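> Attaching a predicted model along with its sequence, questions to come.
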Amino acid sequence: MKLTKRGHYSVKALLDLSFQPPGKLASVTAIAQRQDLPAPYLEKLLIELRRAGLVESVRGAQGGYRLTRLPVDISLGQILEAVGETVDPLPRYQPQADQAEDWATLSIWKRLHEKMKTALYSISLEDLYYDARSWQAAHGEDASFVV
């Protein structure tokens, strides 16, 4: 599985929001600046994340985005799913009926897919938050995190 720009930026945005005090709003511009992301693209991703129920937005001069749940209740799998990321093994691949090796390979990929999917849904935003905090502590308080 390769994490695309969509998935990478979405995880960075939600991780940024997890660093905010509970209930505090963060503007698209502020998140984009802190995470070095293009604001227009980030805004589109945040709309998708809002539709998936992971963030909520408040309009107005003091508006912005915040998480709808605690970071422990948001999984990496949910974030990636919200922006259309997939971990499907060999999409649209159908092995030939007379090729046992093809079926064995497909079986292996299907098993790996299930394990990876289980792992993605078991890693919470809180886990990533603590990983990022540990990285910051090791590199100095002013260091920004990278997902």
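Right, received. Where do you want to start? Every value quoted in this text rests on a predicted model; they were computed, and no experiment measured them.
> what sits up against stretch 48-63?
Defining contact as C-beta atoms under 8 Å, 6 or more residues apart in numbering, one finds that stretch 48-63 is touched by 10, 13-14, 17, 25, 27, 46, 64-69, 74, 78-79, 81-84. Any C-beta I mention is one placed from the backbone N, CA and C, and that applies to glycine too.
> mind listing which of those are in helices?
Counting by DSSP state H, the contacts of stretch 48-63 place 10, 13, 14, 17, 46, 78, 79, 81, 82 in helices.
> mind listing what the third one touches?
Taking C-beta under 8 Å, 6+ apart as the contact definition, residue 14 lies against 49, 54, 55, 67, 74, 79, 125.
> got the CA positions of the top helix by length along the chain in CSV?
Using DSSP H, we find that the single longest helix of the chain is helix 100-122. C-alpha atoms of helix 100-122 as CSV (Å, rounded to 0.1, in the frame of the first residue of the first chain):
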residue,chain,number,x,y,z
ALA,A,100,-2.6,-22.6,-9.5
GLU,A,101,0.3,-20.2,-8.8
ASP,A,102,-1.9,-17.2,-9.7
TRP,A,103,-4.6,-18.5,-7.2
ALA,A,104,-1.9,-19.0,-4.5
THR,A,105,-0.5,-15.5,-5.0
LEU,A,106,-4.0,-14.0,-4.9
SER,A,107,-4.7,-15.9,-1.7
ILE,A,108,-1.6,-14.5,-0.1
TRP,A,109,-2.5,-10.9,-1.2
LYS,A,110,-6.0,-11.3,0.2
ARG,A,111,-4.7,-12.5,3.6
LEU,A,112,-2.2,-9.6,3.7
HIS,A,113,-5.0,-7.2,2.8
GLU,A,114,-7.1,-8.4,5.7
LYS,A,115,-4.1,-8.0,8.1
MET,A,116,-3.3,-4.6,6.8
LYS,A,117,-7.0,-3.5,7.0
THR,A,118,-7.1,-4.7,10.6
ALA,A,119,-4.0,-2.8,11.4
LEU,A,120,-5.2,0.4,9.8
TYR,A,121,-8.4,0.3,11.8
SER,A,122,-6.5,-0.5,15.1
